[in-house]
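Undergrad: Quick check, what structure comes out for this input:
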Amino acid sequence: MSVSPESLDATLRARGMRATPQRRAVLCALDELGHATPEQLEEHLRAHPADDVPAANLSTVYRTLELLEELGLVSHTHLNHTAPTYQVAAHADHFHLVCRGCGRLTETDLEPARALAAAIEAEHGFTADLAHLSLHGWCADCREANRAAERLHHHD
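TA: Now for the predicted structure:
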């Protein structure tokens, strides 16, 4: 796991809070799934109940994610027009390419985005938050399918 239960306990204790079974379960589920919306986390927790964890409802998942993000243990990004998608913060060393055609999500190295962010900061004094970066466009397969469809349409 990217964030151990012990580090979660220590982080929460430092803030005068407890690592409840629900908090541990949400963080573990997020680590297992890699990326997940609160709804996907709730479904995962219902499908994989732990003996010591009461069933988590959606509002508990949202509150837990907000707390874990405030503590710097998880981060979120907006990959589409629905709920934010969360990930364990230690796993946030990439950005996301989201295909508008098929919805495919691809993780890619953050280095090119860092160069872009540095250029923007130098020119505008604006510091970009790369932890929330996602680029929307067309994957190679959908782009090729669109080209093929255009070729067929132009030959009619």
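
Undergrad: contacts, neighbours, all on C-alpha from now
TA: Fine.

Undergrad: how's this protein carved up into domains?
TA: According to automatic domain parsing, the chain comprises the domains 1-90, 93-156.

Undergrad: Pull up the gap between the spatially closest residue to F126 that is not a sequence neighbour and A89, please.
TA: On the basis of Cα to Cα, 6 or more residues apart in numbering, the spatially nearest residue to F126 that is not a chain neighbour turns out to be I120, at 6.3 Å. Between I120 and A89 the computed distance is 24 Å (Cα to Cα, to the nearest Å).

Undergrad: out of these two, which sits in the more crowded spot?
TA: A89 (18 against 14; other Cα atoms under 10 Å).

Undergrad: Return the residues in contact with the closest residue to the more buried one other than its chain neighbours.
TA: Closest residue in space to A89, ignoring its immediate chain neighbours: V74 at 4.2 Å, by Cα to Cα, 6+ apart. Residues in contact with V74 (Cα atoms under 8 Å, 6 or more residues apart in numbering) are L65, L68, Y86, Q87, V88, A89, A90.

Undergrad: Out of those residues, list just those in helices.
TA: L65, L68 (DSSP state H).

Undergrad: Nearest the geometric middle of this protein, what residue?
TA: In the chain, the residue lying closest to the centroid (Cα atoms, centre = their mean) is Y86, at 3.3 Å.

Undergrad: That one against A36, yeah?
TA: Yes - Y86 lies in contact with A36 (Cα atoms under 8 Å); the separation is 5.4 Å.

Undergrad: list the residues that contact both of these two?
TA: Shared contacts of Y86 and A36, defined by Cα under 8 Å, 6+ apart, are found at L30.

Undergrad: what residue ranges in this protein score low on pLDDT?
TA: Within the chain, the ranges that satisfy pLDDT under 70 run 1-5, 80-82, 90-92, 131-132, 155-156.

Undergrad: Which stretches in this structure count as helices?
TA: Using DSSP H, helices in the chain cover 5-14, 21-33, 38-47, 58-70, 111-124, 140-154.
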